[in-house]
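**Q** Provided below for reference: sequence and predicted model.
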Amino acid sequence: MAEVSEDRLVTCDICQHTFTRTSHLTIHMRSHTGEKPFSCDVCHKSFSQKSNLDRHKVIHTGERQYSCFICQKAFQNKHNLDKHVRTHTGEKPFSCDICQKSFSQKGHLDAHKIIHTGERPYSCSVCQKAFQYKHNLDAHTRTHTGEKPFSCDICLQSFSLKRTLDKHKIIHAGAEYPYSCSICQRTFAKKSSLVMHERKHTRRNISLWLLSKVIFT
């Protein structure tokens, strides 16, 4: 399929997203059509892109050749390693070209962009209420079904939302601040606050590590 020059754009007829290459538009269209032409010859799971199939195949070999230089956790592909390292560094390389908000993963940026377009592609089959994100639709659908899939492993009480379960678990922790830093023992009420705090330790350790490389090289 012929490539489109840099000064021309091809546009998706469904969502009006633009691309500089027709090959990129072809791949994008599969998000609308659901087409998955690349199939695993082991488990027959299908994918919309060949690169996703290649990453998937490593699951069957069990090989984990990519290791985090900070915590030594190993991964089956470099893509997952790169995402993991950002949990240590706090790096957010994907930036919205409209509001400049940054994200650690491209998928999170793509989901964020819907805020600016106003698009609501996920519709409830019961009441037709539309949502920007699938997880919001899933949560809404439970108001119709009464489903409560998130269960406390201590008292077995069930909840329709995971965040409600997380808040509930603090009761069993017996403390207002159940999340403790393994390095300085500072405590936090939310796990997200603990993660942000621990990144400060990690960035300091990385700086010291880089400094030692400079001094002893």
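**A** Happy to help now that I have it. Numbering: from 1, shown residues only.

**Q** In the helix or strand where H56 lies, which residues are buried?
**A** Assessed by DSSP states H and E, H56 sits inside helix 50-61. Buried positions in helix 50-61, judged by neighbour count with 16 or more other C-beta atoms under 10 Å: 53, 55-58. (Glycine included, C-beta is placed from N, CA and C.)

**Q** hmm, who's touching stretch 115-124?
**A** Outside of stretch 115-124, the residues within contact range by C-beta atoms under 8 Å, 6 or more residues apart in numbering are 15, 96, 98-99, 114, 129-134, 136-137, 140-141, 144.

**Q** Tell me the gap between it and the middle of its chain.
**A** 19 Å (C-alpha atoms, centre = their mean, to the nearest Å).

**Q** Can you point out the buried residues in that stretch?
**A** For stretch 115-124, by 16+ other C-beta under 10 Å, it's 121-122.

**Q** okay, now T20: neighbour count?
**A** 15 (other C-beta atoms under 10 Å).

**Q** again with S46
**A** 15.

**Q** Quick check: the gap between it and H60.
**A** 15 Å (C-beta to C-beta, to the nearest Å).

**Q** Now for the buried residues of helix 50-61: which two are most distant?
**A** L53 and V58 (10.5 Å; C-beta to C-beta).

**Q** those helices in this protein, which residues are they?
**A** Counting by DSSP state H, the chain has helices at residues 22-33, 50-61, 78-89, 106-117, 134-145, 162-173, 191-215.
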